[in-house]
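> Got a predicted model here, sequence first, then my questions.
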Amino acid sequence: MRKVITTFRKLPLELIFWIGALIGILRIDPYSADHFSLCPLDNLGFTWCPGCGLGRSMSLLTKGDFHASWSMHPLAMFAFAVIIFRIYELIRNFKTTQQNG
């Protein structure tokens, strides 16, 4: 157990953040009308934001509803691919530094 805790503490903070973001995206219910928003423009009362709908669109993408995902925000597939690629790179870098010091 001590080894697991020590390894977890050595993980990069960015890796923990992106994995947490993916877990949050998986937990979003994109079909509900009411949702919590971290968007500062939405919280200030603006009706248009270039990023609004991206999280719900990515959630639709994980549920296999590609058409609805594309219609909600066309950059969701690209953003999802970038996050997955970044997680892969961070894990690969972590493994390399653990083996080589």
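Great, that's in hand.
> only C-alpha atoms for contact and neighbour calcs from this point on.
OK.
> Does anything pack onto the helix or strand harbouring W70? Which helices or strands?
Following DSSP states H and E, the helix or strand that holds W70 is helix 66-72. The criterion is 3 or more Cα pairs under 8 Å, 6 or more residues apart in numbering; DSSP states H and E, and the helices and strands that helix 66-72 contacts are helix 54-62, helix 76-100.
> which outside residues touch it?
In this structure, residues lying in contact with helix 66-72 by Cα atoms under 8 Å, 6 or more residues apart in numbering are G53, L54, R56, S57, M58, S59, L60, L61, A76, M77.
> Could the C-alpha coordinates of it be exported in PDB?
As requested, C-alpha coordinates have been extracted for helix 66-72 and formatted as PDB (Å, rounded to 0.1, in the frame of the first residue of the first chain):
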ATOM      1  CA  PHE A  66     -21.900  11.600 -32.800                       C
ATOM      2  CA  HIS A  67     -24.500  13.600 -34.800                       C
ATOM      3  CA  ALA A  68     -25.800  15.400 -31.700                       C
ATOM      4  CA  SER A  69     -22.200  15.900 -30.500                       C
ATOM      5  CA  TRP A  70     -21.200  17.500 -33.800                       C
ATOM      6  CA  SER A  71     -24.300  19.700 -33.900                       C
ATOM      7  CA  MET A  72     -23.700  21.000 -30.300                       C
END
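> buried ones in that helix?
Of the residues in helix 66-72, those with enough neighbours to count as buried (16 or more other Cα atoms under 10 Å) are F66, S69, W70, M72.
> Flag the shaky bits of this protein, pLDDT-wise.
Counting by pLDDT under 70, the chain has low-confidence residues at 99-101.
> One more pass at 90, please.
Filtered on pLDDT under 90, the chain yields the residue ranges 1-13, 24-56, 72, 94-101.
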